[in-house]
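A.B. asks: output the structure for:
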Amino acid sequence: MAVPRWRRVVLKLSGEAFAGDQGHGIDGAIVSQLAEEICDVRRGLGVDVAVVVGGGNIWRGMTGAGAGMDRAQADQMGMLATVINALALQDTLEHLDQPTRVQTAVHMAQIAEPYIRRRAIRHLEKGRVVILAGGLGSPFFTTDTPAALRAAEIEAEALLKGTHSGVDGVYTADPRVDPGATKLDEVTYMEVINRGLNVMDPTSITFCMDNALPIVVFDALVPGNLRRVLEGEDRVGTLVK
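C.D. replies: Here you go, the predicted structure:
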């Protein structure tokens, strides 16, 4: 078994990644690919994996707020959307015989466990994948912030930010609109903040900096990329530290 860079990680997946080329809803083939990648590093590298999922493929709170909806109400709808994605990922992982638990920040006992830090750690120690949904359970936060917070709480050694749409790291500008944008292999937290680089929201970047939690931004939809990141392969993604 190869020796991974980190023994416990939080993998942050946006809701849009679940949609694939459809742009909305859940693409079963994409979810299967993500599940296989997670199983590969859990079994092949022995890495503890917790997954924080977004819900933008189903509903975005900011979209609702922009249309005149109460922001808190819109964000609560977004929290429920993350649970839908979490259940889809759980079902796919369990079809691959990977023990999995879903924990939510919003209490819904018939569907998932409540998020309890020590219980989440115990699940990871037993080889289970833990999927964390519902954000922080509070409005006005993106799912980047709970990803950073949960990583610190469960003693993860790194936060892996999985991107989509062909963006394979942090660039000097959006490579989808600026052909002159260049990819950065490594960048500091302060550079991300001062240069306004689109990595994660500023709250989560500051939190990771304060807690010395490295971030790797990489394309989660390229087969094998998750393993490559954990094996420390050069030029895969961007390391923020």
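A.B. asks: the lengthiest helix in the chain: which residues count as buried?
C.D. replies: Ranked by residue count, the top helix of the chain under DSSP state H comes out as helix 71-95. Judged by neighbour count using 16 or more other Cβ atoms under 10 Å, the buried positions of helix 71-95 are 74-90, 92-93. All C-beta spots, glycine's among them, are computed from the backbone N, C-alpha and C.
A.B. asks: over to stretch 184-195?
C.D. replies: 184, 187, 189, 192.
A.B. asks: check stretch 161-170 too.
C.D. replies: Residues of stretch 161-170 classed as buried by neighbour count (16+ other Cβ under 10 Å): 161-164, 167-170.
A.B. asks: out of those residues, what pair is the most spread apart?
C.D. replies: 164 and 170 (14.6 Å; Cβ to Cβ).
A.B. asks: gap between the two ends of stretch 130-139?
C.D. replies: 22 Å (Cα to Cα, to the nearest Å).
A.B. asks: quick one: the strands in the protein, in order.
C.D. replies: 8-13, 48-53, 100-104, 113-114, 129-133, 158-163, 170-171, 183-184, 186-187, 215-219, 238-240 (DSSP state E).
A.B. asks: show me what the last one is packed up against.
C.D. replies: Packing contacts for strand 238-240, counted by 3 or more Cβ pairs under 8 Å, 6 or more residues apart in numbering; DSSP states H and E, involve strand 186-187, strand 215-219.
A.B. asks: ok, now the fifth one?
C.D. replies: Counting contacts by 3+ Cβ pairs under 8 Å, 6+ apart, strand 129-133 is packed against strand 48-53, helix 71-95, strand 100-104, helix 117-125.
A.B. asks: between the ones you listed, which one is nearest to residue 218?
C.D. replies: strand 48-53 (14.5 Å).
A.B. asks: residue contacts, residue 111?
C.D. replies: 83, 87, 102, 104 (Cβ atoms under 8 Å, 6 or more residues apart in numbering).
A.B. asks: same question but for residue 143, I mixed them up
C.D. replies: 12, 14, 52-55, 82, 135.
A.B. asks: redo these as a markdown table? Include distance to residue 21.
C.D. replies: Below are those laid out as a markdown table (distance: Cβ to Cβ, whole Å):
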| residue | distance to residue 21 |
| --- | --- |
| 12 | 21 |
| 14 | 15 |
| 52 | 23 |
| 53 | 19 |
| 54 | 18 |
| 55 | 19 |
| 82 | 21 |
| 135 | 26 |
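A.B. asks: which of these are buried?
C.D. replies: 12, 14, 52-55, 82, 135.
A.B. asks: out of these, who's nearest residue 125?
C.D. replies: Nearest member of the buried ones among the contacts of residue 143 to residue 125, counting by Cβ to Cβ, is residue 52, at 18.8 Å.
A.B. asks: by contact count, what packs against the least confident helix or strand in the chain by mean pLDDT?
C.D. replies: Within the chain, no helix or strand scores below helix 61-66, which has a mean of 73 by mean pLDDT, DSSP states H and E. Using 3+ Cβ pairs under 8 Å, 6+ apart, the elements in contact with helix 61-66 are helix 71-95.
A.B. asks: and the helix it packs on, how far out from the chain's middle?
C.D. replies: From the chain centre to the centre of helix 71-95 is a distance of 13 Å (Cα atoms, centre = their mean, to the nearest Å).
A.B. asks: just give the nearest non-adjacent residue to residue 83, would you?
C.D. replies: Distances taken as Cβ to Cβ, 6 or more residues apart in numbering place residue 133 nearest to residue 83, at 4.5 Å, with adjacent residues excluded.
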